[in-house]
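> The following comprises the amino acid sequence and a computationally predicted model.
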Amino acid sequence: MRAQVPIIALLTGVAYYLGSKLGFALTFAPDPISVLWAPNSLLMAALILSPIRSWWMIMLVVFPVHLVSQLQSQVPFPMIAAWFVSNCSEAMLGALGIRWFNGGALRFDSVRQVSIFVIFAGCVAPLFSSFLDAAFVQLNHFSVTPYWDLVWTRFFSNSVAALAIVPPIVILGTHQSASVFKASWLRCLEFGVLISGLIIANFLVFYHYQLALKVGPIFFYSQLPFLFWAAFRFGSAGVSTAIVTLVAMAIWGASAGGGPFIHGSPEESARSIQQFLIVVIILLMLLTAIIAEREQSRENLRESKELNAIATIGMGIWGWSPPAEEIWATAECRALFGLPPAGTIAFDALIDRIHPQEQQTMRHALEQMLSEKGNLELETRILLPDESARWIIVRARVVDGTHNQPPHMLGVCVDVTSRKTNELAAKKHLNEIAHMTRVSTMGELAASLSHELNQPLTAILSNAQAAQRFLRAQPVDITEVHEILKDIVDANRRASAVIGRMRVLVKKGNPEFTLVDLGEIMSDVEKLVRGDAVLRSVRVVLQCAPSVPHVRCDPIQLQQVTLNLLVNAFDAMGDVPMSEREVIIRVDGNGADSVRIMISDKGVGLADDTLNQIFDPFYTTKSNGLGMGLNISQSIIEAHGGRLWAENNADRGAAFYFTLPVSGTRASALSAS
C-alpha cells in the first residue's frame, strides 16, 4: 500500500480538480453552495484507502489543486483557505470515524459497516463541516443567506455526494468489484442490460415529466425494478454503480428544469431532490447489506453441515484464507498432525510437519491450486514429534468468496498409514515374486548362456596356449604376443558382459527409477537371449526409431518384462519351420506423451478368447508354465504408468505391446514412495 500512496495522491488531485469544476457548474445564485459538491467525497475516499501516516502527502497534492480551481472561479483568497479547511475537516472526520469504529477495510456487505458509513460519511462529517462552512461564509460576508439555511443546504449537498461517490471508489480500490467486472460474459451482458434499462427509466422520469403525468403515478416508480435487480444480483458493486447513475441523471434533469422535484425556488427544488436521493441511497445500501448477510449465513450453514458430516467419519478438516498466516483446523486435524489441541496454528508450522522431501511439493501444489482455483489431491508423509511417520491424503478445493469475500481453501486430511503399509508390503512381495521369476527365466536360459559363455572362454584358452608357444620360440615375436593378449582381454570382456547382464537380472532389491534409453535396454536384452535364439534357430530383429525420448523407469524391471515376452515368443514358434522363425522388437513413439514397444513373433497366434485371460494369475498355455510371468509383467508396466496388451498379427503370430509415459510422473511418485 505504501507504494500506491503517491498514485492515490496524484489521482485524488486530478479528481479533486474535476470535481471542483463540476461543483461550481452546479452552484446556483444567490447561495455559494453547490447542489452536488464532489471534492470532499473524493478526498474522503482517498483517505479511507490510504494509511493515516500518508495523509499529509495527499493533502499536499490537493492544496495547490484546490487553490487553482478556486481562483479560476473568482473566489477570494480568505474563502479559498476557509473552504480548504472545511473540506479537509469533512474528509478527515469521516475517514477517522469509519476507521475507528470499523476496525478494518470498509466493506458494504454488512449492515453494521453500512450503518457506520452512513453515520460518519453521510451524517456526522457533512454536518460538522457544514457548521464550519456556513460560519466561514458569514464571517467573510460571502453570502446574504441566513446561517442555518446555509448549514442545511451544504449538509444535504455534501451528504448526497458522500453517499454516492465514496462507495464505488472504495469498492474499486479494495477489489470488491470482482463479482461484476471479472464475471462471465453472460453476467456482464446482464449488468449492461440492467444499467441501460435504468438509464432509460431515469431519462423518462427526469426529462419527460409531463409524459409521466399522463401515464399515471406508477410511471415514477419505473427505476425501482432496476435498483432492486442490482441489489439482488450484483451486490454492493452493482448497487453503487446504479446509485451513481441515478444521482447523475436526477441532478442533470433538475438542472435542465425537468423531473418531479421542480417546484418553488431553485433552493427548494435542489433540497427536495437531495432528500429523495439520500433516502433512496441509504435504503438501497441497507437492503444490499441485508441480502449479502443472508446469503453469507446460508453459505456458512451449508459449509457447517458439510464439515459436521465430514467430522463424523473421522476426517481432519482445515481452512486457510491467504494471505493470512493462521490456519483453522478441527481437533481431528490437529491430532492427525500432532499439534496442540488449542491455540493458533501458523501455516508454516503445518508445513513443517510434512516430510522434508515433500514440503516443496506441497507448497507448489497449494500455490498452483490457489492460482488456478482448482482442486488438490495429494498423498504425502508427515513426521510427528516422536519422529514417527504417518501417511495422509490431503484433499482440498478453492471456495470462491461470496459477496466480494476473497477466495479461501477448504480441505480434509485422511490417515491412510494402514493402507499405505499394506501397499508397501504388497509391493515388497511383488518385487520378491518378480525376482523369483527372473531367476526362473535365467534357469530356462541356462543352456544358451552356457553356449554364449563357452565361446569367449574357449577363445581365452586357445589364445593363452598360443601365447605359450610363441614365448618358447626363439626369438620371441613380441608383436604377435601383444595381439594374442589383446584377444584374451576382448574375450574376457565379452564373458564379463554376459555375466554382468545375468547379475543385473538376478539382482534383488527395491526398484530404482532413472532416465534410461529404451534402445540400449532392448539391445542388452537382445544380447542376453542371443545364445538361446541361436540354439532355437530364431532370428531377432531390433528396430529402434530415431530420437525416441528417454523414459523414467526401473531398468531391471523393464528388462524382466522384455525378457519374459521374448522367451514366450521363442516358445510360441516351437512348431514353426526354422527358416520362418523371426521375432521383431520395435521401439517407437506413441504420440507426444508416451513410447511404445512391440515384440512380435511368427508363431501360431493366440485364441480370441485367451487374449485377456493370458494376463490372469496362474493362467498358462504351457505344460510346464506357472502362469505368473505375464501377470507380473502387466503389474510392472502399470506401476510405471503404462499399459500392456496383446494382439494377433494380421498375417500370422501374435504381438505384445506396452507403453511407457515420457514424463515418468507416476514412476517418480512411486520411487518417492
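Everything's here; your move. Numbers count the residues shown, from 1 in each chain.

> Ala396 reaches Leu370, doesn't it?
No. Judged on C-beta atoms under 8 Å, Ala396 makes no contact with Leu370 at a distance of 9.7 Å. All C-beta spots, glycine's among them, are computed from the backbone N, C-alpha and C.

> Identify the contacts common to the two.
Common contacts of Ala396 and Leu370 (C-beta atoms under 8 Å, 6 or more residues apart in numbering): Met409.

> Looking at those two, which has the bigger crowd around it?
Higher neighbour count among Ala396 and Leu370: Ala396, with 22 against 17, using other C-beta atoms under 10 Å.

> Tell me who's in contact with that one.
By C-beta under 8 Å, 6+ apart, the neighbours of Ala396 are 366, 369, 375-376, 409-412.

> And for Glu423, the neighbour number?
13.

> try Leu485
By other C-beta under 10 Å, neighbour count at Leu485 equals 13.

> Number the residues from 81 up from this point.
Yes, from this point I'll number from 81; that puts the last item at Leu565.

> Would you mind writing the CA trace of stretch 684-702 as CSV?
The C-alpha coordinates for stretch 684-702 follow below in CSV (Å, rounded to 0.1, in the frame of the first residue of the first chain):
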residue,chain,number,x,y,z
VAL,A,684,0.6,-69.8,-34.2
GLY,A,685,-1.0,-66.7,-32.5
LEU,A,686,-3.5,-66.6,-29.6
ALA,A,687,-7.1,-67.8,-29.5
ASP,A,688,-9.5,-64.9,-29.4
ASP,A,689,-11.0,-66.0,-26.0
THR,A,690,-7.5,-66.0,-24.4
LEU,A,691,-6.3,-62.5,-25.4
ASN,A,692,-7.5,-61.1,-22.0
GLN,A,693,-7.2,-64.3,-19.9
ILE,A,694,-3.4,-64.7,-20.5
PHE,A,695,-2.8,-61.8,-18.0
ASP,A,696,-4.7,-63.5,-15.2
PRO,A,697,-2.7,-65.1,-12.4
PHE,A,698,-1.8,-68.8,-12.8
TYR,A,699,-3.3,-68.9,-16.3
THR,A,700,-0.9,-70.5,-18.8
THR,A,701,-0.9,-72.3,-22.1
LYS,A,702,2.4,-74.0,-21.4
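
> ok, residues contacting the host helix or strand of Lys101?
Lys101 is part of helix 85-105, with elements assigned from DSSP states H and E. For helix 85-105, the surrounding residues in contact (C-beta under 8 Å, 6+ apart) are 114, 116-119, 121-123, 126, 129-131, 134, 137-138, 140-142, 145-146, 148-150, 153, 253.

> which element follows it toward the C-terminus?
Following helix 85-105 toward the C-terminus (DSSP H and E): helix 119-129.

> okay, the angle between that following helix and helix 85-105?
Using axes from the mean of the first three to the mean of the last three C-alpha atoms, to 10 degrees, the inter-axis angle of helix 119-129 relative to helix 85-105 is 160 degrees.

> in helix 119-129, what counts as buried?
Within helix 119-129, the residues that qualify as buried are 119-129, counting by 16 or more other C-beta atoms under 10 Å.

> repeat for stretch 307-316
Applying 16+ other C-beta under 10 Å to stretch 307-316 flags 307-311, 313-316 as buried.

> Kindly report the same for stretch 465-479.
470-474, 476, 478-479.

> Off-centre distance for that stretch?
19 Å (C-alpha atoms, centre = their mean, to the nearest Å).

> what pLDDT, on average, does it get?
Here stretch 465-479 scores 82 as its mean pLDDT.

> can you dump the C-alpha coordinates of that stretch into PDB?
Written as PDB, here are the backbone C-alpha positions of stretch 465-479 (Å, rounded to 0.1, in the frame of the first residue of the first chain):
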ATOM      1  CA  PRO A 465       7.000 -35.000  17.300                       C
ATOM      2  CA  ASP A 466       8.100 -38.600  18.300                       C
ATOM      3  CA  GLU A 467       9.800 -38.900  14.900                       C
ATOM      4  CA  SER A 468       7.400 -41.500  13.700                       C
ATOM      5  CA  ALA A 469       6.000 -41.200  10.200                       C
ATOM      6  CA  ARG A 470       2.300 -41.100   9.100                       C
ATOM      7  CA  TRP A 471       0.800 -41.300   5.600                       C
ATOM      8  CA  ILE A 472      -2.100 -39.000   4.800                       C
ATOM      9  CA  ILE A 473      -4.200 -38.000   1.800                       C
ATOM     10  CA  VAL A 474      -4.800 -34.300   1.500                       C
ATOM     11  CA  ARG A 475      -7.900 -33.200  -0.500                       C
ATOM     12  CA  ALA A 476      -8.700 -29.500  -0.900                       C
ATOM     13  CA  ARG A 477     -10.600 -27.100  -3.100                       C
ATOM     14  CA  VAL A 478     -10.800 -23.300  -3.500                       C
ATOM     15  CA  VAL A 479     -14.100 -21.800  -2.400                       C
END
